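> Turn this into a structure:
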Amino acid sequence: MFGTKMPDADHPLNAGALLLGRFLLASLFLLEGWSKMKGYAGAAGYMEKFGVPGILLPLVIAAEIGGGLAILVGWQTRLAALALAGFSIAAALLFHNNFADRNQLLHFEKDLAIAGGFLVLFAFGAGPWSLDQRAMTRA
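Residues are numbered from 1 along each chain as shown. You can find the predicted model right below:
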């Protein structure tokens, strides 16, 4: 199971880890998208404070909720993971670039780490417990 070879994604431990990893990544985006919907005016104002037009907020919410759901269920996982990796990098660069502020630096690093997780998911896919795998076995 562990070693220099690529691990077997079908092994229950690895399949479970992929599912849990997808759940953890997706939960952040689902909660943030929901939070932006509930506090729409505040979220739009925050974006505008950093020079991002508030009119883009519906796209942000759609990306977070739609991408989060896709990752969660493992549907079009590679595409969603690549999109959310780009989203995370853009968020880091646009909103967390004040490195003199330790908190902002931490958020910048967190966003890059999340992007890294999504790039791994892009590279290897959702795993056996996903809609992607189910569609492949039916084909």
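> State the mean pLDDT of the helix ranked longest in the chain.
The longest helix of the chain (DSSP state H) is helix 12-38. Helix 12-38 shows a mean pLDDT of 96.
> how far is that helix from where the chain is centred?
8 Å (C-alpha atoms, centre = their mean, to the nearest Å).
> Mind listing what's buried along the helix or strand that comes right after that helix?
Next helix or strand after helix 12-38 toward the C-terminus (DSSP states H and E): helix 40-49. Buried residues in helix 40-49, counted by 16 or more other C-beta atoms under 10 Å: Ala43, Ala44, Met47. (Each C-beta comes from the backbone N, C-alpha and C, glycine too.)
> Could you do stretch 126-139 as well?
Within stretch 126-139, the residues that count as buried by 16+ other C-beta under 10 Å are Ala126, Gly127, Pro128, Trp129, Ser130, Asp132, Gln133.
> Please name the residues that touch the nearest residue to the second one once chain neighbours are set aside.
What that stands for is Gly127. In space, and not counting its chain neighbours, Gly127 is closest to Leu18: 3.3 Å by C-beta to C-beta, 6 or more residues apart in numbering. Residues near Leu18 by C-beta atoms under 8 Å, 6 or more residues apart in numbering: Ala9, Ala126, Gly127, Pro128, Trp129, Ser130.
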